[in-house]
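In: Pasting the sequence and the predicted model now:
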Amino acid sequence: MKHDVPERYALAFRLYPYARSPDQDARAPVRHRVIVVGGGPVGLATALDLGRRAIPVLLLDDHEGPGLGSRALCFAKRTLEICDRLGAAAPMLEKGVQWNLGKVFRDDRLLYEFNLLPEGGHAMPAFINLQQPWFEKFLHDAILSAQAEGAPIELRGKNRVDAITPDTDHVTLTVMTPDGPYHLEADWLIACDGARSPLRGMMGLGFEGRVFEDNFLIADVKMKADFPTERWFWFEPHFKSGDSALLHKQPDDIWRIDFQLGWNIDRAKELEPARIRARVDAMLGPGVDYELDWCSIYTFQCRRMERFRHGRVLFAGDSAHQVSPFGARGANSGIQDVDNLAWKLALVVQGAAPDSLLDSYDAERVHGAEENILNSTRSTDFITPKTPVSRMFRNAVLDLAETLPFARTVVNSGRLSLPCTYDGSALNGPDHPQMPPRTRPGSPCPDAPLAGGWLLAQLGRGFTLLGIGIEVPPQLTLHGLAVDGLTLDPSPELAARYLGDVPGAVYLIRPDQHVAARWDRFESAALGQALARAIGKE
Amino acid sequence: MLITTPNLTRADESYARLIATHDGLTEAESHALNARLILILMNHIGDHAILAEAMRLARDPRPAAP
Ligand SMILES: Cc1cc2nc3c(=O)[nH]c(=O)nc-3n(C[C@H](O)[C@H](O)[C@H](O)COP(=O)(O)OP(=O)(O)OC[C@H]3O[C@@H](n4cnc5c(N)ncnc54)[C@H](O)[C@@H]3O)c2cc1C
């Protein structure tokens, strides 16, 4: 009998075509260590990170590659740092459009401009613009390279998960393929199946939050234009296309234009090419030659699951949380989920850490999601004021911003994604009051130039003990874990970012490049305690 | 700490100036002016805790429960 796993969307690339697996002919369901459901950016990155940590991982997706349509566009510095750790950043940087400068307009007047990364000494730019299918393709390329080097990663296309039965020590899955259904078992299941998450539904779990009553039209336009490579945002644009508009450059001479349309619109009519062209014409002015490459209308919501861990099932990315597009926090925060989860799950699977370590994934990333939802809700309330008085204050801020610099700090056209600091996490160890707040326990390590390379490139294989101006042993084994030691002389950047008012420092750094603890001397008993804490053994 | 004891150097002058600043404005223009004025003063004060206390007090001018 012929079964069907229909495509819900057209593909940009066919990367992992369906191939029958021996598992489909097995008598009893084959047990896997980790199964990842969903091959979007978050699922691919999860499989890659686990595989590079030598954890066998199977990824199932009901398609055979990324969908057409650019969707996520702005990838933030932290995402690029994580992708660099995963061996995937180089082609992203090469193809992506790098930008640091943003301009904010009202009507046809420039209110002000901002630079996102005024600080030098970082390997990665503040942002690149890259269409989501390319981001996914480059992650997939990195999976192929990792597989070639022996990473135990397997991808199965046109494998749709139709049912799951969670148990105390494993999960059973029913998977539909073009050859019919089969069953699998997993010690751990990671649900990266997107905002509509069928898995969340199968487990009867909620997804609560706020719906915003607005529609946005995205028009990706191909043209040879000499706009600079900057983010341009308009409040009350002079081309009379709703309350706001946004222009971004993408690779391949494509420009992303976002038009805010309001709530009561006729969706089908707004998507008519002639109508879209009228909007774009008004914006670009007469005589500009362009083609429409991809268009879509979206509405959005800010919501999250109450908890991201449910026993042996872990939710990551859009399945766990969803934000408005202002601030580019969707895919970027999903990649931070992966960064946080993969090393913890790897230690648990290897038996080096108790499974309670995974509760810290829940705590830390719920905290991250809260921060993202808060920021993105505030941006939305500024861009689309919900009451007359809120609009009045918003406009007063814009009035003042033309001449008064203080008001520009209040203007909110999207607070662009920054990595989250896990303040108050149970994994955090001792802090030191004279060291800089930006590198306090829980913080992602800021990069710094080293002789012939970059700091972050040295971190992230496992735990690292970093001595700056203080000698640390090059190799240690504690609680059964290998800890790499790295001793560096304090450069001006290292001193400013890691030392503050002390002459030397010792940092314990987690495999996700977040600070676990820091001291002004090396002492192995304190280190042992902090490490135990950071792997949930305390 | 939010100052709620008398602090205006020239109370009558300042109040008269506030009213005169609105001379000739429509209702909507006056509201917009007030909004700008609040924002300018907020920035001058700066401290979030003081602002939050002022906003609480404006919403409910009874003294906070002891
Ligand atoms: C218009 C738009 C613009 C955006 N712009 C940005 C931006 O600039 N920056 C940013 O960071 N984010 C942006 N986002 C958000 C970003 O696209 C998402 O956050 C991101 O795609 C989430 O990745 P994910 O892997 O969690 O989920 P998805 O990308 O949704 O992937 C889920 C995958 O699971 C598969 N799947 C679903 N059900 C099953 C099943 N039963 N069995 C097997 N497989 C299944 C799907 O086919 C899909 O491949 C934007 C989103 C939109 C819509």
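Out: Ah, there it is.

In: In chain A, which residue sits nearest chain B?
Out: residue A:396 (3.6 Å; Cβ to the nearest Cβ). (Glycine included, C-beta is placed from N, CA and C.)

In: For that residue, which three-state class applies?
Out: helix (DSSP: H, G, I helix; E, B strand; the rest coil).

In: So it is in contact with residue B:35, correct?
Out: Yes - Residue A:396 is in contact with residue B:35 according to Cβ atoms under 8 Å; the separation is 3.6 Å.

In: Please determine how far the closest residue to the ligand within chain B is located from residue A:437.
Out: Of all residues in chain B, residue B:48 sits closest to the ligand, at 29.1 Å by Cβ to the nearest ligand atom. Computed as Cβ to Cβ, to the nearest Å, the residue B:48 to residue A:437 distance reads 17 Å.

In: In contact with residue A:382, which residues are there?
Out: A:394, A:397, A:411, A:412, A:413 (Cβ atoms under 8 Å, 6 or more residues apart in numbering or on different chains).

In: Which pLDDT value belongs to residue 5?
Out: Assuming you mean chain A. Per-residue pLDDT puts residue A:5 at 92.

In: hmm, I had chain B in mind actually
Out: So residue B:5 comes in at 95 (pLDDT).

In: ditto for residue A:1
Out: 55.

In: Please apply the same query to residue A:298.
Out: Looking at residue A:298, the pLDDT reads 88.

In: Who is it paired with across the strands?
Out: Assessed by DSSP bridges, residue A:298 has beta-bridge partners residue A:216.

In: That one: how many residues sit nearby?
Out: 13 (other Cβ atoms under 10 Å in any protein chain shown).

In: about what we covered before: measure the residue of chain A closest to chain B to residue B:41 for me?
Out: The separation that residue A:396 has from residue B:41, given Cβ to Cβ, amounts to 12 Å.

In: now residue A:43
Out: In terms of Cβ to Cβ, residue A:43 sits 50 Å off from residue B:41.

In: Now do the same for the residue of chain B found nearest chain A: helix, strand or coil?
Out: Residue of chain B nearest chain A, by Cβ to the nearest Cβ: residue B:35 (3.6 Å). Following three-state DSSP, residue B:35 is assigned to helix.

In: since we're on it, how many residues are nearby?
Out: Residue B:35: 20 neighbours (other Cβ under 10 Å).

In: pLDDT value on it, please?
Out: So, for residue B:35, pLDDT stands at 98.

In: I'd say it and residue A:392 touch.
Out: Yes - Residue B:35 lies in contact with residue A:392 (Cβ under 8 Å); the separation is 5.1 Å.

In: low-confidence ranges in chain B?
Out: Along chain B, segments meeting pLDDT under 70 span B:63-66.

In: Give me the residue at the spatial middle of it.
Out: residue B:38 (6.2 Å; Cα atoms, centre = their mean).

In: name the element that residue belongs to?
Out: In the assignment (DSSP states H and E), residue B:38 maps to helix B:27-45.

In: How about the contacts made by the closest residue in space to residue A:129 that isn't next to it in sequence?
Out: Distances taken as Cβ to Cβ, 6 or more residues apart in numbering or on different chains place residue A:97 nearest to residue A:129, at 4.4 Å, with adjacent residues excluded. By Cβ under 8 Å, 6+ apart, the contact list for residue A:97 reads A:128, A:129, A:130, A:229, A:249, A:250, A:251.

In: now the fifth one, which residues is it bridged with?
Out: Applying DSSP bridges to residue A:249 gives these bridge partners: residue A:255.

In: Next one: it from residue A:362, what distance?
Out: 38 Å.

In: What of the fourth one?
Out: Using Cβ to Cβ, we find residue A:229 at a distance of 39 Å from residue A:362.

In: how deep is residue A:358 tucked in, by neighbour count?
Out: Neighbours of residue A:358 (other Cβ under 10 Å): 21.

In: Which residues of chain B lie near chain A?
Out: Within chain B, the positions adjacent to chain A are B:31, B:32, B:35, B:36, B:38, B:39, B:40, B:43 by Cβ under 8 Å from any Cβ of the partner chain.

In: The same query, at a cut-off of 10 Å, please.
Out: With Cβ under 10 Å from any Cβ of the partner chain as the criterion, chain B comes near chain A at residues B:28, B:31-40, B:42-44, B:46.

In: which of those residues count as buried?
Out: Buried subset of those (neighbour count, 16 or more other Cβ atoms under 10 Å in any protein chain shown): B:31, B:32, B:34, B:35, B:36, B:38, B:39, B:42, B:43.

In: Could I get those in JSON lines, plus columns for distance to the ligand?
Out: Supplementary listing: those in JSON lines, determined by distance: Cβ to the nearest ligand atom, whole Å:
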{"residue": "B:31", "distance to the ligand": "36"}
{"residue": "B:32", "distance to the ligand": "34"}
{"residue": "B:34", "distance to the ligand": "37"}
{"residue": "B:35", "distance to the ligand": "32"}
{"residue": "B:36", "distance to the ligand": "33"}
{"residue": "B:38", "distance to the ligand": "34"}
{"residue": "B:39", "distance to the ligand": "30"}
{"residue": "B:42", "distance to the ligand": "32"}
{"residue": "B:43", "distance to the ligand": "31"}
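
In: What is the nearest of those residues to residue A:426?
Out: The closest of those to residue A:426 turns out to be residue B:42 (Cβ to Cβ; 37.2 Å).

In: For the closest residue to that closest one other than its chain neighbours, which three-state class applies?
Out: With sequence-adjacent residues excluded and distances taken as Cβ to Cβ, 6+ apart, residue B:42 is closest to residue B:51, at 5.8 Å. Look at residue B:51: counting by three-state DSSP, its state is helix.

In: which ones are touching residue B:51?
Out: B:2, B:38, B:41, B:42, B:43, B:45 (Cβ atoms under 10 Å, 6 or more residues apart in numbering or on different chains).

In: for the residues you listed, which one is nearest residue A:178?
Out: For those, the nearest to residue A:178 is residue B:42 (62.3 Å; Cβ to Cβ).

In: wouldn't the closest one be in contact with residue A:404 here?
Out: No - assessed by Cβ atoms under 10 Å, residue B:42 is found out of contact with residue A:404, at 12.0 Å.

In: Wait, the residue of chain A closest to chain B touches residue B:40, no?
Out: Yes - assessed by Cβ under 10 Å, residue A:396 is found in contact with residue B:40 at 9.4 Å.

In: Report whether stretch A:426-446 contacts chain B.
Out: No - using Cβ under 10 Å from any Cβ, stretch A:426-446 stays clear of chain B, coming no nearer than 17.4 Å.
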